[in-house]
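In: need a 3D model of the following:
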Amino acid sequence: MRFTAVLLLLLSACASPQSQPVAGEASAPPRLSGDAFYAADGVKLPLKSWLPKGKPRAVILALHGFNDYSHAFEDTGAFFKQRGVAVYTYDQRGFGAAPMTGIWADERNLTGDLRECVLRLKARHPGVPLYILGESMGGAVAMVALSDASFPPVDGVILSAPAVWGGMGMNPFFHLPLSTLAQTLPDRTFTGE
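Out: The predicted model follows:
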């Protein structure tokens with residue numbers, strides 16, 4: 001009996017962490033609607049915005065970090081709103097109130113959502129400078145998206161503690177335990193505490 005339990009434990013370590021399916025074909029045009037950003041595949045991502053009166057001087061699209069969500073920009077949004085700058089942020093897939101919370105969304109989903117939201121904001125605020133603000137994982141998503149030559153042009157990017165160190169670039173003493181935990185306990189959330 002112990003041998004079977006040990007064997008099952010070892011086999012579970014071979015399982016890959018869960019990830020969300022990559023967005024398929026567009027089911028409807030992406031759109032911004034009040035408190036939601038609807039991605040091309042129809043996924044509804046909660047949207048928050050802080051809008052000044054009248055035409056904004058600039059627009060900031062803020063991307064939150066890992067294990068965070070759009071609420072992270074409450075103070076930032078209020079600060080910029082008072083200075084005539086519109087701030088938008090959405091819960092990225094797998095985080096906050098977005099669908100499939102706790103399940104990794106895949107780089108293509110995260111960067112694709114960013115691309116579509118940028119296009120919607122440029123259409124909503126024509127001629128207004130648009131900046132991407134990426135915090136931690138949000139900074140990594142912004143950098144990966146912006147490295148694609150076909151990404152729509154923005155007026156700038158603001159990186160706040162961007163997540164640029166991960167995967168095989170990590171020291172093996174960090175990478176091995178993190179990889180093992182991701183594969184053996186994929187539903188568990190670990191914090192810096």
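
In: please make it C-alpha for all contacts and neighbour counts, starting now.
Out: Will do.

In: give me the buried positions along the lengthiest helix in the chain.
Out: Identified as the longest helix of the chain according to DSSP state H is helix 107-124. Across helix 107-124, burial judged by 16 or more other Cα atoms under 10 Å covers 109-122.

In: among those, which one lies nearest to Ser150?
Out: Arg115 (9.7 Å; Cα to Cα).

In: and the helices in the protein, which stretches?
Out: Under DSSP H, the chain gives helices at 2-12, 74-81, 107-124, 137-146, 172-184.

In: which stretches of this protein have low pLDDT?
Out: 1, 3-26, 166-169, 190-193 (pLDDT under 70).

In: most centrally placed residue in it?
Out: In the chain, the residue lying closest to the centroid (Cα atoms, centre = their mean) is Gln92, at 3.8 Å.

In: so what's that residue up against?
Out: 45, 63-64, 69, 98, 110 (Cα atoms under 8 Å, 6 or more residues apart in numbering).

In: JSON lines for the buried residues of helix 107-124, including distance to Glu74?
Out: As requested, these are exported to JSON lines (distance: Cα to Cα, whole Å):
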{"residue": "Asn109", "distance to Glu74": "25"}
{"residue": "Leu110", "distance to Glu74": "21"}
{"residue": "Thr111", "distance to Glu74": "23"}
{"residue": "Gly112", "distance to Glu74": "24"}
{"residue": "Asp113", "distance to Glu74": "21"}
{"residue": "Leu114", "distance to Glu74": "20"}
{"residue": "Arg115", "distance to Glu74": "23"}
{"residue": "Glu116", "distance to Glu74": "23"}
{"residue": "Cys117", "distance to Glu74": "19"}
{"residue": "Val118", "distance to Glu74": "20"}
{"residue": "Leu119", "distance to Glu74": "23"}
{"residue": "Arg120", "distance to Glu74": "22"}
{"residue": "Leu121", "distance to Glu74": "19"}
{"residue": "Lys122", "distance to Glu74": "22"}
